[in-house]
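Novice: Turn this into a structure:
(one chain, ligands or ions: 1)
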Amino acid sequence: MTYQPDKTQRQVIDADDSVLLVCGGAGTGKTTTAAAAVRAHLERADQRRAEKAEPGRRTRPPTARALFLSFSRSSVAQILDRTADVLGPYLPQVEITTFHAFAWRLLTRWGGAIGGAEPAMLSETEAKLFRVPDTIRYQDMLPRALDLLKVPAVLEHLRARWTMIVCDEFQDTDDRQFELLTTVRGDARLLLLGDPNQCIYSDLPGAVGVGPERLDTALDLPGARRIDLPDVSHRDPSNVLPAAAAAIRRREFDHAAVTAALDSGRLHIQAGLPTDQEADIVAAVVQDLRVEGHTVGVFSHHIDATTALSDQLTHLDIAHEVIGLPECLSSSIDAQHAMIRFAGGVATWRAVLQRLAVFVTSSVRGKQVPNLAWMLLGKVARPAALDRRLDKLHAALQAADPAAAVALAADAHAQLGLPRGERHWQHAAQLLQPQVVRQLRRHADPADALEALDAAIGAYRADLLTYATGEPATPVQLMGLYQTKGREADATVVVLRSNDFYGPERHEPFETGSRLLYVVLTRARHKTVALLFGDDPRPLVAPLAKLAM
Ligand SMILES: Nc1ncnc2c1ncn2[C@@H]1O[C@H](COP(=O)(O)OP(=O)(O)OP(=O)(O)O)[C@@H](O)[C@H]1O
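Specialist: Sure thing, here's the model as predicted:
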């Protein structure tokens, strides 16, 4: 459907307030309208610029630019996808990024100003396995960026850069993100998009200051005004799914809106499903939805479940993408890259084993390092079969040149019999192959090619870890429940298991957990299938099981 703003959306687009808070339920058009408002702002700035460029004037004011800040890589990818048409020719004047990618960019560009060396990023998995001095972890980025903003020249430069800043999912900003936003802003207009009913990060560890009251903080800023979008979903204009999701958020499971959604088949619930057949059952549902011609979002709580399902879909030949496991993908790239470097004589075998250990650790969930990772690092005895497979890979790589090593590295997951993350490994191979070919073509000396490859991969890796890179749009996308914010698909499959952990809430009304359910149940344009595995559903979702067919 083409975007035709309604009356209230038009007010947002035409507004010129210094701080505008736009609130609305799921699918009411906050993000799309913000893109239209950015375009209108840039058009007005262009017009003023043209007026000032009268004959005789030597200098023109600089081109206006806008910054669009969001939380996750997945939201950024979808914002780009959904707003490209609305922004039209103004797209190049809009920087769309995540808070962490923004902080990382500041640190790499200006970090020297606060006395740091060129920063190197350490992933959470690497931090579990190795101690590396002078590295930055994900959670260090925002505090370090805020330190950097104390340098007057840096702040002055940034404040001159944007005349409008949009913050999507504003209800989930923590204290540091809010400080970053209000500090870099200078005189720029702020457009803040929020929905208190979608505040889902308040119980996450380290989420200081996250809560629906963040919206009041915005209204305390000088010149702030609030506009509420009408409670009409443009995602599902029948409003059947949003109304049912709203009733479920309020824990009114016997509400007429829920019954209507079930009777119309737009909401379909199955419960008591056998846990040991999860991947098969979900894959079959996805296959049926694809046959009906739907794009599908599959939401599940555990990374390990997502990875197993991904492997199952790969075997069924269903094209899909796993969203939000960037560490698993970046560590696949690193491990294969290390193998290519080993074949080129510039990395040790130990480096290959280290990178494999990081990959194995990042493909499982939880704090525990898997035994296989310790085996690869030589801290625990290896079974003879693993030793044999490693020796075979070692010999094959030693005999290969970098071009041949790419194929060996792509095959190494299967050859070594690694238990998880096959899809990521394949994806990494697809990304690496053209890079290696390009660098070998450009540089006659393979050593130069490998050096250029290092630089290209370093940049890509940082993008993945800061959620700056969007994923290709595939018809089936798998993601965690917390990554569903801002997303939409024709149909969604929500996988709920008896052993899922939905945070510290123990009793009704499950305020935060119910907001998560609301987000998850409002992503579909046409149909949502909820699949409950196991006989003992968590209290948060147990009433859904009672509604099962
Ligand atoms: N006026 C409109 N006319 C047609 N389509 C619209 C209109 N407003 C929004 N849409 C479409 O509705 C869908 C939901 O819009 P959008 O993602 O902007 O909503 P949102 O409020 O940001 O949602 P959420 O909070 O659930 O992420 C998008 O596909 C968007 O293109």
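
Novice: Let me see the ranges of the helices in the stretch 1-150 of the chain.
Specialist: 7-14, 30-52, 73-87, 99-110, 124-129, 141-148 (DSSP state H, counting those that start in this stretch).

Novice: Measure how far the first one is from the centre of its chain, please.
Specialist: Meaning helix 7-14. Its chain's C-alpha centre and that of helix 7-14 lie 29 Å apart, by Cα atoms, centre = their mean, to the nearest Å.

Novice: do the second one as well
Specialist: Centroid displacement of helix 30-52 relative to its chain, using Cα atoms, centre = their mean, is 27 Å.

Novice: tell me which residues of it are tucked away?
Specialist: Going by neighbour count (16 or more other Cβ atoms under 10 Å), the buried part of helix 30-52 is 30-42, 45. Using the backbone N, CA and C atoms, a C-beta is placed for each residue, glycine as well.

Novice: Distance to the ligand and pLDDT added to the residues you listed, as CSV?
Specialist: What follows is those, written out as CSV (distance: Cβ to the nearest ligand atom, whole Å; pLDDT from 0 to 100):
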residue, distance to the ligand, pLDDT
30, 3, 93
31, 3, 90
32, 3, 91
33, 6, 94
34, 8, 93
35, 8, 91
36, 9, 94
37, 11, 96
38, 13, 94
39, 14, 94
40, 14, 96
41, 17, 96
42, 18, 95
45, 23, 92
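
Novice: wait, which of these is closest to residue 412?
Specialist: Among those, residue 31 lies closest to residue 412 (Cβ to Cβ), at 40.6 Å.

Novice: Looking at the stretch 401-549 of the chain, what residue ends up closest to the ligand?
Specialist: Closest to the ligand within the stretch 401-549 of the chain is residue 486: 4.4 Å, counting by Cβ to the nearest ligand atom.

Novice: For that residue, grab the count of nearby residues.
Specialist: Neighbour count for residue 486, taken as other Cβ atoms under 10 Å: 24.

Novice: Burial check on residue 360, number of neighbours?
Specialist: When neighbours are counted by other Cβ under 10 Å, residue 360 comes out with 28.

Novice: Show the contacting residues for it.
Specialist: Shown in contact with residue 360 (Cβ atoms under 8 Å, 6 or more residues apart in numbering): 370, 372-373, 376, 418-420.

Novice: Return stretch 170-188 as PDB; C-alpha atoms alone will do.
Specialist: Backbone C-alpha positions of stretch 170-188 (Å, rounded to 0.1, in the frame of the first residue of the first chain) are rendered in PDB as follows:
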ATOM      1  CA  PHE A 170      12.200   6.100  22.200                       C
ATOM      2  CA  GLN A 171      10.400   4.400  25.100                       C
ATOM      3  CA  ASP A 172      13.300   2.000  25.400                       C
ATOM      4  CA  THR A 173      16.200   4.500  25.500                       C
ATOM      5  CA  ASP A 174      18.300   4.100  28.600                       C
ATOM      6  CA  ASP A 175      19.900   6.900  30.500                       C
ATOM      7  CA  ARG A 176      23.100   6.900  28.500                       C
ATOM      8  CA  GLN A 177      21.400   6.800  25.200                       C
ATOM      9  CA  PHE A 178      19.200   9.700  26.300                       C
ATOM     10  CA  GLU A 179      22.300  11.600  27.300                       C
ATOM     11  CA  LEU A 180      24.000  10.900  24.000                       C
ATOM     12  CA  LEU A 181      20.900  12.100  22.100                       C
ATOM     13  CA  THR A 182      20.500  15.300  24.000                       C
ATOM     14  CA  THR A 183      24.200  16.100  24.000                       C
ATOM     15  CA  VAL A 184      24.900  15.700  20.300                       C
ATOM     16  CA  ARG A 185      21.700  17.500  19.400                       C
ATOM     17  CA  GLY A 186      22.800  21.100  19.800                       C
ATOM     18  CA  ASP A 187      20.100  23.100  18.100                       C
ATOM     19  CA  ALA A 188      18.800  20.200  16.000                       C
END
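
Novice: Briefly note if that stretch comes near the ligand.
Specialist: No - if you take Cβ under 6 Å from any ligand atom as the test, stretch 170-188 misses the ligand, and the best it gets is 9.9 Å.

Novice: if we can go back for a sec, could you verify my assumption that the residue of the stretch 401-549 of the chain closest to the ligand touches residue 31?
Specialist: Yes - under the criterion of Cβ atoms under 8 Å, residue 486 makes contact with residue 31 at 6.6 Å.

Novice: Now do the shared contacts for these two.
Specialist: 79, 168.

Novice: Report the buried residues of stretch 390-402.
Specialist: In stretch 390-402, counting by 16+ other Cβ under 10 Å, buried: 390, 393, 396-397, 400, 402.

Novice: what's the spacing between that stretch and its chain's center?
Specialist: 35 Å.

Novice: same deal with stretch 88-97?
Specialist: 19 Å.

Novice: End to end on that stretch, go ahead and measure it.
Specialist: 18 Å (Cα to Cα, to the nearest Å).

Novice: Could you do stretch 265-280 as well?
Specialist: Using Cα to Cα, the end-to-end distance of stretch 265-280 comes out at 22 Å.

Novice: got it, and stretch 492-512?
Specialist: 21 Å.

Novice: Identify all contacting residues around the helix or strand hosting residue 518.
Specialist: Per DSSP states H and E, residue 518 falls inside helix 511-521. For helix 511-521, the external contacting residues (Cβ under 8 Å, 6+ apart) are 26, 197-200, 202-203, 241, 244-246, 248-251, 267, 299, 481-482, 484-485, 492, 494, 502-503, 505, 528, 530, 540-541.

Novice: Select only the buried ones of those in ChimeraX?
Specialist: In ChimeraX syntax, the buried subset of the contacts of helix 511-521 is picked out as below (16+ other Cβ under 10 Å):
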select :26,197,198,199,200,202,203,241,244,245,246,248,249,267,299,481,482,484,485,492,494,502,528,530,540,541
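
Novice: What about the contacts of helix 511-521, which are in strands?
Specialist: 267, 299, 492, 494, 528, 530 (DSSP state E).

Novice: which two in those residues are spaced the farthest apart?
Specialist: 267 and 299 (14.3 Å).

Novice: if we compare the helices of the stretch 1-150 of the chain, which one ends up closest to residue 162?
Specialist: Nearest of the helices of the stretch 1-150 of the chain to residue 162, taken as Cβ to Cβ: helix 30-52 at 10.3 Å.

Novice: on that earlier part again, using JSON lines, lay out the helices of the stretch 1-150 of the chain together with distance to residue 176.
Specialist: Shown next, in JSON lines, are those (distance: least, Cβ to Cβ, whole Å):
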{"stretch": "helix 7-14", "distance to residue 176": "27"}
{"stretch": "helix 30-52", "distance to residue 176": "22"}
{"stretch": "helix 73-87", "distance to residue 176": "18"}
{"stretch": "helix 99-110", "distance to residue 176": "9"}
{"stretch": "helix 124-129", "distance to residue 176": "18"}
{"stretch": "helix 141-148", "distance to residue 176": "4"}
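
Novice: Can you tell me the closest non-neighbouring residue to whichever residue of the stretch 301-450 of the chain sits closest to the ligand?
Specialist: Relative to the ligand, the nearest point of the stretch 301-450 of the chain is residue 323 (14.9 Å; Cβ to the nearest ligand atom). Once flanking residues are discounted, residue 323 sits nearest to residue 479: 3.9 Å by Cβ to Cβ, 6 or more residues apart in numbering.

Novice: what packs against the helix or strand harbouring that neighbour?
Specialist: In this structure, residue 479 sits in strand 476-480 according to DSSP H and E. Counting contacts by 3 or more Cβ pairs under 8 Å, 6 or more residues apart in numbering; DSSP states H and E, strand 476-480 is packed against strand 296-300, helix 303-315, strand 321-322.

Novice: if we can go back for a sec, can you pull the buried residues of the helix holding residue 518?
Specialist: Per 16+ other Cβ under 10 Å, helix 511-521 contains these buried residues: 512-521.

Novice: do you know how far residue 301 is from residue 250?
Specialist: Remark: distance between residue 301 and residue 250 (Cβ to Cβ, to the nearest Å) = 22 Å.
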